[in-house]
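Model the structure of this input:
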Amino acid sequence: MSDINEQFSLETRRTLNAAPEKVFDAWMTREAWQAWIGPKGLRCEVPLLEPVVGGRFRIQMSIAKGITIPVAGIYREVERPSRIVFNWGRADEPARSTLISITLAVRDGKTEITLRHEGLESAASRDSHLQGWNDALDKLAAYLLTR
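Residues are numbered from 1 along each chain as shown. Prediction:
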């Protein structure tokens, strides 16, 4: 049985004009992830990325002058090119970690990405994260068009 709070989970889907391998790889390298991760208007740095089961990542989201949000997690599943699962949360509050599942499937020669984010603490947090993930997926789509 999962200890994840289902009440405040979100799911979003997008069809991307790229093969699943290309979409998957955009999650697997520092340079690629750093190019598109995060909501519009935020600058993100990825100082640590170990995309293997048990590996860790760290993202520094710069939201304003001198203010950063440190995000960190651990990979639970990495199945190229169809699935990635990892914990996600503030690096300074590891007890409040959430769970993200990314599923990639071929649809009419393109890739449908389904992103599920579980265990958020409130409806406001869920809605804020949904906006952020939709922004990031817009940025991912644009990034893939340039590759």
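
Quick one: low-confidence residue ranges for the protein.
1-6 (pLDDT under 70).

try it again with 50
Residue ranges of the chain with pLDDT under 50: 1-2.

list the buried ones in whichever helix in it runs longest?
Using DSSP state H to define each element, the chain has its longest helix at helix 123-145. By neighbour count with 16 or more other C-beta atoms under 10 Å, helix 123-145 contains the buried residues 125-126, 129-130, 132-137, 139-141, 143-144. No exception for glycine: its C-beta is placed from N, CA and C like everyone else's.

which among those gets closest to residue 52?
Comparing the buried residues of helix 123-145 against residue 52 with C-beta to C-beta places residue 140 closest, at 21.1 Å.

Can you pull out the residues in contact with the longest strand along the chain?
Ranked by residue count and defined by DSSP state E, the top strand of the chain is strand 67-79. Strand 67-79 has contacts (C-beta atoms under 8 Å, 6 or more residues apart in numbering) with 48, 50-63, 83-92, 94, 97, 99-100.

if we go to 7 Å?
For strand 67-79, the external contacting residues (C-beta atoms under 7 Å, 6 or more residues apart in numbering) are 51-63, 83-92, 97.

Return the distance of that strand from the chain's centre.
8 Å (C-alpha atoms, centre = their mean, to the nearest Å).

Show me which residues of that strand are buried.
Quick answer for strand 67-79 (16+ other C-beta under 10 Å): 71, 72, 73, 74, 75, 78.

No further questions, thank you.
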